[in-house]
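# Model the structure of this input:
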Amino acid sequence: MQEKIKAFKVAFPYTLPVMTGYLFLGMAFGILLNSKGYHFGWAILMSVFIYAGSMQYVAINLLTIAFNPLNAFIMTLMVNARHLFYGLSLLGKFGESGRKKPYLMFGLTDETFSILCASNPPPGVDRGWFMFFITVLNHSYWIIACALGGILGSLVSFNTRGIDFVMTALFVVIFLEQWKSQKQHAPALIGIGASVLSLLVFGPANFIIPSMILIILVFTLLRRPLENLTSLETTDKLEEVG
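Residues are numbered from 1 along each chain as shown. Reported below is the predicted structural model:
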């Protein structure tokens, strides 16, 4: 029990920025869902079992049109394809988490991924519990915020035009934070280049999956040079600390 409490205390401060962001993003989702005539209970259920901010926003539109399972599957794949990269890059860390691994995989969002990549627990703190509490705290913030948005939407009338742009703004902020926290920008530049090229070739409606495939191919071909760059960055950080 002591190690869990210790891990919780260490993990909590890392999640405070996410709590602030999720408060607005989740409330915006709850308000939008309520504007389509859905009770706030649906916002809670979607947040518990789907827990994918961008896909939950897309799901609002899917709920208002004729049900098409194939279209829903393809749309989900396109929107959340980036999680393939998240999972691959965290296989090593998640391998140490034991029975917590399934939930860590389920709860991996953009914000949680960013924290797990940029931070490590101090000596004496169990890494598995540290990652677990970061994940469960972020998940809890999202559920609460979505519920508040649904309740608020049922009590007050809102003009919801443009409110879904908050997800785009969040992704831009996450990218900028990752850019600032890393000295080597080659992976980010590869992702931008592949996405722009796919956008020009396939168009706005179909570029996401081709860009993901192109990024995987480029990363596979350039694996050794990129690993060398990462090793150099790690060495520089150790020298700075020393």
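
# Domain-wise, how is this protein divided?
By the assignment in automatic domain parsing, the chain contains the domains 2-181, 183-242.

# Go through these and find the least confident stretch.
Lowest mean pLDDT of the domains of the chain: domain 183-242, a mean of 75.

# Of the domains of the chain, which stretch is the most buried?
Mean neighbour count, computed with mean count of other C-beta atoms under 10 Å, is highest for domain 2-181 among those, reaching a mean of 16. Any C-beta I mention is one placed from the backbone N, CA and C, and that applies to glycine too.

# mind listing the strands for the chain?
Remark: no strands are assigned in the chain by DSSP state E.

# Counting by contacts, list what the lengthiest helix in it packs against.
In the chain, with assignment by DSSP state H, the single longest helix is helix 2-35. Packing partners of helix 2-35 (3 or more C-beta pairs under 8 Å, 6 or more residues apart in numbering; DSSP states H and E): helix 40-49, helix 53-63, helix 110-118, helix 127-155, helix 166-181.

# Can you name every helix or strand that the first one contacts?
When you say that, I think you mean helix 40-49. helix 2-35, helix 53-63, helix 127-155.

# can we see that at 6 Å?
Applying 3 or more C-beta pairs under 6 Å, 6 or more residues apart in numbering; DSSP states H and E, one finds that helix 40-49 contacts helix 127-155.

# and if you look at the shortest one?
The elements that helix 110-118 packs onto, with contact taken as 3+ C-beta pairs under 6 Å, 6+ apart, are helix 127-155, helix 166-181.

# Report the inter-axis angle for the longest one versus helix 2-35.
What it means is helix 127-155. The directions of helix 127-155 and helix 2-35 differ by 30 degrees, with axes from the mean of the first three to the mean of the last three C-alpha atoms, to 10 degrees as the criterion.

# what angle do helix 127-155 and helix 53-63 make?
40 degrees.

# Which elements pack onto helix 127-155?
Short answer (3+ C-beta pairs under 6 Å, 6+ apart): helix 127-155 packs on helix 2-35, helix 40-49, helix 110-118.

# Apply 10 Å and report the result again.
Helices and strands touching helix 127-155, by 3 or more C-beta pairs under 10 Å, 6 or more residues apart in numbering; DSSP states H and E, are helix 2-35, helix 40-49, helix 53-63, helix 91-94, helix 101-106, helix 110-118.

# of all these, which lies closest to residue 149?
Ranking those by proximity to residue 149 (C-beta to C-beta) places helix 2-35 first, at 2.3 Å.

# sorry, back to before: could the helices and strands packed on helix 2-35 be laid out in JSON lines, adding distance to residue 216?
Formatted as JSON lines, these follow (distance: least, C-beta to C-beta, whole Å):
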{"stretch": "helix 40-49", "distance to residue 216": "28"}
{"stretch": "helix 53-63", "distance to residue 216": "20"}
{"stretch": "helix 110-118", "distance to residue 216": "17"}
{"stretch": "helix 127-155", "distance to residue 216": "25"}
{"stretch": "helix 166-181", "distance to residue 216": "19"}
